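Visitor: here is the input, now give the coordinates:
(chains A and B)
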2 protein chains.
Amino acid sequence: MSAARIPDCPLARTVEVVGHWWTLEIVHEVLLGRTRFEAIRDSLGTPADVLRDRLGDLAAKGLLDLDGPDYRLTALGRSLRPVLQVFLAWGNHRLAPDHRSVVLVDAGTGMTVDPILVDRRTGLPLDTEGVVFARGPMASAMIAARYPEVGR
Amino acid sequence: MSAARIPDCPLARTVEVVGHWWTLEIVHEVLLGRTRFEAIRDSLGTPADVLRDRLGDLAAKGLLDLDGPDYRLTALGRSLRPVLQVFLAWGNHRLAPDHRSVVLVDAGTGMTVDPILVDRRTGLPLDTEGVVFARGPMASAMIAARYPEVGR
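Guide: This is a model prediction of the structure:
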């Protein structure tokens, strides 16, 4: 996962793009509908010059675009939603199960939803010892030295 | 999500515990079976004094324990697995779909698994505009000002 040593690791790639916690923080604000510079600044309390640099960085990484006065998430930016959802779920489940200040809701049904990671094909939950990180088809020698070969 | 301003937000709570990227990096190493100090150090290339501080920080946060010469993840530490899995999936899907150097495999069947976040109850995928971050039952005034009220 160390970007300098394993540039071809998908975890390192994610960390390189997400980079700093404020990336997720800003993506979250735009997802919540705060698309104007002033609204994001007021909500996060980030100094204007710092926020301007950060928004520029996110645009350079392809996570958002400026559309007139509004910041819009790109498809890549919107695709970070599951990362935010899993952070929320972890915070609720593991750190404050009796103090759920923010939840995920299906706006269509009004029901609270509880995120769980499953295999797309089988629907089986992945949070088990039986699901392991393993060498992929495009593993370099360095990745192969760090990850076991499992299955096909 | 800004910890200083919204200490009761579950995203802020998660960020406070996960803290730095090296938290996930070290948890990942231990999950991969590298439980000895020297093995983690050699794999990550972290200087020994830095790594010692980081391992101490993770132990203080309740993510791992030292068991003789081996670092063991606590239940809380192991519960970070979905966070790592979603990072891996995002890196593979969004950043390098044709260069999957690391994958998740079901060790029982040998099949590659593809993580997707669904609602535990309905099994419906959550990566849709229809699933929103909303005010929870324990929302403070500050959270209520930042999140919409949706459903029940």
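
Visitor: where does the prediction get shaky in chain A?
Guide: A:1-7, A:19, A:152 (pLDDT under 70).

Visitor: where do the strands sit along chain A?
Guide: A:64-67, A:70-73, A:102-106, A:112-113, A:115-119, A:131-135 (DSSP state E).

Visitor: looking at the ones you listed, which is buried most?
Guide: strand A:102-106 (a mean of 23; mean count of other C-beta atoms under 10 Å in any protein chain shown). Every C-beta, even on glycine, is put in place using the N, C-alpha and C of the backbone.

Visitor: who does it pair up with?
Guide: strand A:112-113 (antiparallel), strand B:131-135 (antiparallel) (DSSP bridges).

Visitor: so who does the residue nearest in space to the middle of chain A touch?
Guide: Taking C-alpha atoms, centre = their mean, the centroid of chain A lies closest to residue A:83, which sits 3.0 Å from it. Residue A:83 sits next to A:18, A:24, B:86, B:87, B:90 when contact means C-beta atoms under 8 Å, 6 or more residues apart in numbering or on different chains.

Visitor: re earlier: nearest to residue B:51, out of the strands of chain A?
Guide: Closest to residue B:51 of the strands of chain A is strand A:131-135 (C-beta to C-beta; 20.4 Å).

Visitor: which residues sit against the closest one?
Guide: Residues from elsewhere that reach strand A:131-135 (C-beta under 8 Å, 6+ apart): A:143-144, A:147-151, B:28, B:31-32, B:84-85, B:88, B:101-107, B:113.

Visitor: so which of those belong to helices?
Guide: A:143, A:144, B:28, B:31, B:84, B:85, B:88 (DSSP state H).

Visitor: residues near the first one, how many?
Guide: So that's residue A:143. Counted by other C-beta atoms under 10 Å in any protein chain shown, the residues lying close to residue A:143 total 17.

Visitor: pretty sure it sits against residue B:100.
Guide: No: with contact defined as C-beta atoms under 8 Å, residue A:143 does not count as touching residue B:100 (10.2 Å).

Visitor: who touches both of those two?
Guide: Contacts common to residue A:143 and residue B:100, judged by C-beta under 8 Å, 6+ apart, are residue A:136.

Visitor: what's the end-to-end length of stretch A:21-39?
Guide: 19 Å (C-alpha to C-alpha, to the nearest Å).

Visitor: could you do stretch A:38-49 as well?
Guide: The first-to-last residue distance of stretch A:38-49 comes to 12 Å (C-alpha to C-alpha).

Visitor: quick check: residue A:143 vs residue A:51, distance?
Guide: 37 Å (C-beta to C-beta, to the nearest Å).

Visitor: give me the distance between the nearest residue to residue A:24 once chain neighbours are set aside and residue B:146.
Guide: In this structure, residue A:24 finds its nearest non-sequential neighbour in residue A:84, 6.0 Å apart by C-beta to C-beta, 6 or more residues apart in numbering or on different chains. Separation of residue A:84 from residue B:146 (C-beta to C-beta) stands at 14 Å.

Visitor: just residue A:145 next, same as before
Guide: Taken as C-beta to C-beta, the span from residue A:145 to residue B:146 is 46 Å.

Visitor: repeat that for residue A:127.
Guide: Distance from residue A:127 to residue B:146, by C-beta to C-beta: 29 Å.
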